[in-house]
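> Return a 3D structure for these sequence lines:
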Amino acid sequence: MTRADVPAFAPVFREIVDAGETYAYPEDLPDNAIADLWMEGAPGRAVVAIDDDGTFLGAAKMGPNRPGRGAHIGTASFMVSSAARGKGVGRALARDMIDWHRRQGYAGIQFNAVVETNMAAVRLWQDLGFRILGTVPGAFRSATHGPVGLHVMFLDLSS
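Down below sits the predicted model:
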């Protein structure tokens, strides 16, 4: 992902954030602020999924979950356009992210805040081997469900 991808990504980011079901990012951000939030500098990276005709499908960002003594555990975030959902884009981005973390030598991948009512994401992560370590009750204010839990999920890459 480069800054040139942001004009295609920003409307997807806004649609997902404004829906109020999966991310606790601020609403109404200008494109440059979205780029600053999403673009990962070294040692992380951000990628996009684009179809053969150049249509933006989704994006992922990944890198260390914490700096310093926590940098051996990775993390990631994903956004898929509404038109591309259910077509394997998220799974393809997820597999790329897992492979990247393995190649970089990470010991595991930790997701700090998977909204428990985001069943598509929870199922995907569990299908890919992530497990729920715990749930922080009421930590996310869902636009539809009110206060819901945030799962902390983990994939061990050491084996």
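
> Tell me the buried residues in the longest helix along the chain?
Secondary structure assigned by DSSP state H gives helix 89-104 as the longest helix of the chain. By 16 or more other C-beta atoms under 10 Å, the buried positions in helix 89-104 come out as 89-90, 93-94, 97-98, 100-101, 104. C-beta coordinates here come from the backbone N, C-alpha and C atoms, glycine included.

> center of the chain - which residue?
The centre of the chain sits closest to Ser77, judged by C-alpha atoms, centre = their mean, with a distance of 1.5 Å.

> picking up where we left off before, what's the closest of the buried residues of helix 89-104 to Thr117?
The shortest approach to Thr117 among those belongs to Gly90, at 16.5 Å (C-beta to C-beta).

> got the CA coordinates for whichever strand or helix holds Gly149 in CSV?
Gly149 belongs to strand 146-156 when assigned by DSSP states H and E. C-alpha atoms of strand 146-156 as CSV (Å, rounded to 0.1, in the frame of the first residue of the first chain):
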residue,chain,number,x,y,z
GLY,A,146,-24.9,-1.4,22.4
PRO,A,147,-21.9,-2.4,24.6
VAL,A,148,-20.3,-5.7,23.5
GLY,A,149,-17.1,-7.5,24.3
LEU,A,150,-13.8,-7.3,22.6
HIS,A,151,-12.0,-10.6,22.1
VAL,A,152,-8.2,-10.9,22.5
MET,A,153,-7.3,-13.6,20.0
PHE,A,154,-3.9,-15.3,19.4
LEU,A,155,-2.2,-17.5,16.8
ASP,A,156,0.9,-19.3,18.0
